[in-house]
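# Build me a model:
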Amino acid sequence: PSTLLSKWYGESQKRVAAIWSIAHKLEPSMVFVDEIDCMFRERSKQDHEATSSFQSEWMTQWDGLLTREATRVLVVGTT
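Below you'll find the predicted structure:
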């Protein structure tokens, strides 16, 4: 997560979008997420707006990953 997160507003979302864009362009590919439990813990009302935006961008990119027949991107997450 440290290479994705940025102190500048909106930069983390741009990095997530860039990772997924590259993964789709270089298919077949794998996206490896270390410490996934830290990135995607349960959401709460006390979460900072930047954290919520970051998580939302990931979820948006993941949406449809299994339902698109032509997609060949594997996601591996570790805790």
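
# so what's D37 closest to, chain neighbours aside?
By the measure of CB to CB, 6 or more residues apart in numbering, the closest residue to D37 outside its immediate chain neighbours is T79, 4.5 Å from it. C-beta: built from backbone N, CA, C; applies to glycine.

# again with D34
Closest residue to D34 apart from its sequence neighbours, by CB to CB, 6+ apart: T78 at 5.5 Å.

# And that neighbour, its phi and psi?
When quoted as degrees, to the nearest 10, the phi and psi of T78 stand at phi -120, psi 160.

# tell me the contacts of it?
The contact partners of T78, taken as CB atoms under 8 Å, 6 or more residues apart in numbering, are F32, V33, D34, E35, I36.

# Now restrict the residues you listed to buried residues only.
Buried by 16 or more other CB atoms under 10 Å: V33, I36, out of the contacts of T78.

# Give me the distance between D63 and T3.
Going from D63 to T3 by CB to CB, to the nearest Å gives 23 Å.
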